[in-house]
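> Next input, structure requested:
(2 chains)
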Protein chains: 2
Amino acid sequence: MTLETKSTAKSFGGVQGVYTHQSAACACAMTFAVFVPPHAPGTRLPVLWYLSGLTCTHANVMEKGEYRKAAAEHGVIIVCPDTSPRGESVADVPDNWKMGCGAGFYVDATETPWARNYQMFSYVTQELPALVAQHFPADMTRQSIFGHSMGGHGALVAALRNPGRYRSVSAFAPITHPMLADWSAPALSAYLGTDEKAQRAFDTVALIEDGARVGALLVDQGTADPFLKDGLKPELLDTACKKAGIPLTLRMQEGYDHSYFFISTFMAEHIGWHAARLKA
Amino acid sequence: MTLETKSTAKSFGGVQGVYTHQSAACACAMTFAVFVPPHAPGTRLPVLWYLSGLTCTHANVMEKGEYRKAAAEHGVIIVCPDTSPRGESVADVPDNWKMGCGAGFYVDATETPWARNYQMFSYVTQELPALVAQHFPADMTRQSIFGHSMGGHGALVAALRNPGRYRSVSAFAPITHPMLADWSAPALSAYLGTDEKAQRAFDTVALIEDGARVGALLVDQGTADPFLKDGLKPELLDTACKKAGIPLTLRMQEGYDHSYFFISTFMAEHIGWHAARLKA
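Purely as a prediction, here's the structure:
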């Protein structure tokens, strides 16, 4: 699998790069960002995946996430995929930010016209990990995953559906039950059809209700998040985790919103939390 | 002087805001960003000014500069002005990123058509400080200033021309001798005319040669900066400071470029360096 380097820059002693490649899963060119912290030659480093939210590309967290200092201190590679397939041949709804480009929802679509390109679950859990293993000094036996909003949903689903793959999972303001939330239900129905079983396989609360499990789970949620009442529903995640015996640390952060001003505030804590588990 | 709040967001326990006001100096609406760290009610905090580089607005450093964590830890207000006047009635050269909007060079222009709006020196050293003093919990007896590239030039000139105003000054990759650099000389001639004396009053190396002084000075410069050979000329600053007896700490940072990936790496050190002097 070949990789094209779009840019690299030294930062916090490591290298922040942006790369592109032809994705088989998504049948289009895909762009992603990788930060490799300073390390001794020959060392293999643990990998922490960050999945972004609606409307984002790889660039939002790369520019605003403030993850490099903590990643350098802990010696963790950070990989930031895009949020959807993109390009002229990719199905889209340009006037709808909750569906199509920028809104892949990390599912493997089954419905026309989405199925041809919208295979983001396979992309972030299969194809891109293989590419990262090939081109970066990564120890793929030590992976963790986190994300924001739609990407928090993606991180939780990736961990719940791949037991043992990720040592830890955390999220900032995740969409916990996308089947039911106004801003995600139409996309899930479009990508997966209206069959409830198909949707439950890509829904955190439903997966937990249906028996999927993860280890410890850390979630930060701002109390001033304008999307909190619309559909993030951390209380549903709390209930599901309590019933399932999953140790959830849900921190309601007073006065914080849904932006990277919120995420960056708690980024270093999340990276430190993952690093403790990646190095255990 | 009235101020309109464009946005506020909680971040690192403080408030990151964006504000706009009608500027008398620049004869147009001006936008700027202020981060007020967490503090006890009634406390007045020191103020650190950050002047941005060519093509930037207040937003670049606000989004990519990673200054809030250190500012919160040290209890320092960070103010980020725009880099020029803007608006339909403001003179501009749209196809030239080194002149006009985004390229105010922090001078008070004397030439037509620039003089009407391009009064950025008065704006950042007089008008905006008065506004900040009025609307934020700022202790204006404790100010410091820093900046990047064109903004490094601006910070140095502001400090050299206002002895005693700023307790400390530092810069990332500053334009040290803009009269002579290819990317700045045309703008200086356009704004100030070709009279050498007028230009020397807004040129760091010339001001030092002509007797202006600052206290300790910290400069970081990346060795992989593509603009290093074109005109940043840190060696001229080094020579001028040595002759003048100004204690310059010039750190050539191996492998770093001109971007915010470079700036963010050393941001916390600069803020800590200023904070030590602001609290001394």
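> per-residue confidence for the residue positioned nearest the centre of chain A?
In chain A, the centroid-proximal residue (CA atoms, centre = their mean) is residue A:51; its distance is 2.1 Å. Note on residue A:51: pLDDT of 98.
> quick one, what contacts it?
A:81, A:83, A:106, A:124, A:145-148, A:150-152, A:154-155, A:158 (CB atoms under 8 Å, 6 or more residues apart in numbering or on different chains). (Glycine included, C-beta is placed from N, CA and C.)
> can I get the CA coordinates of the biggest helix by length in chain A in PDB?
Within chain A, and with DSSP state H defining each element, the longest helix by residue count is helix A:260-278. Output in PDB follows, covering the C-alpha atoms of helix A:260-278 (Å, rounded to 0.1, in the frame of the first residue of the first chain):
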ATOM      1  CA  TYR A 260     -12.100  22.500  20.500                       C
ATOM      2  CA  PHE A 261     -11.800  25.100  23.200                       C
ATOM      3  CA  PHE A 262     -13.500  22.400  25.400                       C
ATOM      4  CA  ILE A 263     -11.700  19.400  23.800                       C
ATOM      5  CA  SER A 264      -8.200  20.900  24.100                       C
ATOM      6  CA  THR A 265      -8.800  21.700  27.800                       C
ATOM      7  CA  PHE A 266      -9.100  18.000  28.600                       C
ATOM      8  CA  MET A 267      -6.900  16.500  25.800                       C
ATOM      9  CA  ALA A 268      -3.800  16.000  27.900                       C
ATOM     10  CA  GLU A 269      -5.800  14.200  30.600                       C
ATOM     11  CA  HIS A 270      -7.300  11.800  28.000                       C
ATOM     12  CA  ILE A 271      -3.900  11.100  26.500                       C
ATOM     13  CA  GLY A 272      -2.400  10.500  29.900                       C
ATOM     14  CA  TRP A 273      -5.300   8.200  30.800                       C
ATOM     15  CA  HIS A 274      -4.700   6.200  27.600                       C
ATOM     16  CA  ALA A 275      -1.000   6.200  28.000                       C
ATOM     17  CA  ALA A 276      -1.200   4.600  31.400                       C
ATOM     18  CA  ARG A 277      -3.100   1.700  29.900                       C
ATOM     19  CA  LEU A 278      -1.000   1.500  26.700                       C
END
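> Next, report how far that helix is displaced from the centre of its chain.
What separates the centre of helix A:260-278 from the centre of its chain is 14 Å, taken as CA atoms, centre = their mean, to the nearest Å.
> quick revisit: so which of the contacts of residue A:51 would you say is closest to residue B:21?
Comparing the contacts of residue A:51 against residue B:21 with CB to CB places residue A:148 closest, at 32.9 Å.
> Go ahead and confirm that closest one touches residue A:172.
Yes. Using CB atoms under 8 Å, residue A:148 is in contact with residue A:172, at 4.4 Å.
> how far away is the residue of chain A positioned farthest from its centre from residue A:137?
Using CA atoms, centre = their mean, the residue of chain A lying farthest from its centre is residue A:41. It sits 28.7 Å away. To residue A:137, residue A:41 is 9 Å away according to CB to CB, to the nearest Å.
> One more: residue A:180?
Residue A:180 is 42 Å from residue A:137, where distance means CB to CB.
> what do you get for residue A:200?
Taken as CB to CB, the span from residue A:200 to residue A:137 is 38 Å.
> Flag every residue of the stretch 101-250 of chain A that's near chain B.
A:222, A:224 (CB under 8 Å from any CB of the partner chain).
> all strands in the stretch 101-250 of chain A, in order from the N-terminus.
For the stretch 101-250 of chain A, applying DSSP state E, counting those that start in this stretch gives strands covering A:138-148, A:166-172, A:217-222, A:248-253.
> So for the second one, mean pLDDT?
Model confidence over strand A:166-172 averages 98 on the pLDDT scale.
> Pairing partners for it, with directions?
Counting by DSSP bridges, the strands paired with strand A:166-172 are strand A:138-148 (parallel), strand A:217-222 (parallel).
> Turn these into a markdown table, including mean neighbour count, mean pLDDT and distance to residue A:255.
Listed next are the strands paired with strand A:166-172 as a markdown table, based on neighbours: other CB atoms under 10 Å in any protein chain shown; pLDDT from 0 to 100; distance: least, CB to CB, whole Å:
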| stretch | mean neighbour count | mean pLDDT | distance to residue A:255 |
| --- | --- | --- | --- |
| strand A:138-148 | 23 | 98 | 18 |
| strand A:217-222 | 24 | 98 | 7 |
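> Columns distance to residue A:229 on top of those strands, output as TSV?
Below are these laid out as TSV (distance: least, CB to CB, whole Å):
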stretch	distance to residue A:229
strand A:138-148	18
strand A:217-222	12
